[in-house]
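Engineer: no sequence on this one, just coordinates:
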């Protein structure tokens with residue numbers, strides 16, 4: 001558990017790894033609690049691009065906006081689709097749960113095209129495509145605040161929801177895992193290289209990636225190199241930006257262009273802002289999962305030899 005106190009409000013953040021058999025679908029479950037301070041006090045931060053996340057906020061104590069959009073009160077059960085820009089958020093006193101989904105988890109649990117939910121969030125309680133998630137949400141929204149009981153209840157529901165692929169989906173899931181493995185492999189930096197390695201046309205890969213990952217392969221590769229660089233800074237903010245650069249950046253100017261694309265600000269502007277939640281999250285996630293950020297998680301292979 002990572003706790004930041006002293007100045008109010010205080011932040012307590014805890015990450016949980018799912019059971020081994022759920023790790024191809026789920027990165028982590030995590031619990032955030034903001035306490036202390038006055039009723040109007042809040043913590044503010046800017047979330048990096050990531051895969052989809054389900055967030056459960058019983059008292060609706062979080063406001064968020066994608067990119068440079070306005071902050072709005074987030075529904076108590078919200079599915080944040082895969083993102084290619086920062087999410088600016090402000091959290092007041094209260095608690096929330098989150099579940100991070102890998103692309104295979106999205107495909108098996110939701111099935112709707114990921115690009116239809118990219119860079120936006122949806123209310124689970126009103127979106128028909130998210131109806132299957134409502135029993136999962138009830139583990140927290142109808143719970144009594146017992147952290148362990150809520151976590152175990154969510155794991156039980158995930159077990160049931162993610163048990164088996166739909167008929168005929170095995171081949172598509174195997175293809176998804178192969179592409180995801182290549183996209184998250186730091187050796188690859190071009191779509192042509194990916195397509196040749198995977199034996200796919202670039203057009204086929206573009207369509208497939210957009211549907212199951214939310215974005216085309218070129219943007220996904222850019223996102224990976226950017227997040228690999230940002231993760232180094234979040235784990236050690238004493239580093240100079242030049243020392244965090246992924247090997248696929250030609251120079252610092254190249255990195256700055258990506259930074260503005262994904263975070264809607266310059267690296268120096270970002271470094272000058274407080275990051276009370278995301279700094280704690282990077283360290284807590286790395287301690288339990290070995291990676292500082294969700295898109296850096298490596299998917300395990302669940303498909304029996306695929």
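Structural biologist: Yep, that arrived. Note that the structure is a prediction, hence the values are computed from the model and not measured.
Engineer: okay, now the sheet partners of the lengthiest strand in the chain, with direction.
Structural biologist: As assigned by DSSP state E, the longest strand anywhere in the chain is strand 26-35. Strand 26-35 has the following strand partners under DSSP bridges: strand 10-16 (antiparallel), strand 94-101 (antiparallel).
Engineer: right, and the helix or strand after that strand?
Structural biologist: Downstream of strand 26-35, the first helix or strand assigned by DSSP states H and E is strand 42-47.
Engineer: what angle do that next one and strand 26-35 make?
Structural biologist: Angle of strand 42-47 versus strand 26-35, following axes from the mean of the first three to the mean of the last three CA atoms, to 10 degrees, is 160 degrees.
Engineer: am I right that residue 79 is in a helix?
Structural biologist: No - assessed with DSSP: H, G, I helix; E, B strand; the rest coil, residue 79 is strand; it does not lie in a helix.
Engineer: how about the nearest residue to it, chain neighbours excluded?
Structural biologist: residue 122 (5.0 Å; CB to CB, 6 or more residues apart in numbering). No exception for glycine: its C-beta is placed from N, CA and C like everyone else's.
Engineer: surely the one you found meets residue 81?
Structural biologist: Yes - the pair residue 122 / residue 81 is scored as a contact, 7.2 Å apart, by CB atoms under 8 Å.
Engineer: more neighbours: which of those two?
Structural biologist: Neighbours were counted for residue 122 and for residue 81 using other CB atoms under 10 Å; residue 81 has more, 22 against 18.
Engineer: residues in contact with the more buried one?
Structural biologist: By CB atoms under 8 Å, 6 or more residues apart in numbering, the residues touching residue 81 are 52, 114, 116-122, 214.
Engineer: just the buried ones out of these, please.
Structural biologist: 52, 114, 117-119, 121-122, 214 (16 or more other CB atoms under 10 Å).
Engineer: ok, so of these, who is nearest residue 272?
Structural biologist: Taking CB to CB as the measure, residue 272 sits nearest to residue 119 out of the buried ones among the contacts of residue 81, at 25.0 Å.
Engineer: now do the contacts for the closest one.
Structural biologist: 66-67, 81-85.
Engineer: which of the residues you listed fall within strands?
Structural biologist: residue 66.
Engineer: report how many residues lie close to the nearest residue to residue 109 once chain neighbours are set aside.
Structural biologist: Of all residues not flanking residue 109 in the chain, residue 161 sits nearest, at 5.6 Å (CB to CB, 6+ apart). If you count neighbours by other CB under 10 Å, residue 161 ends up with 16.
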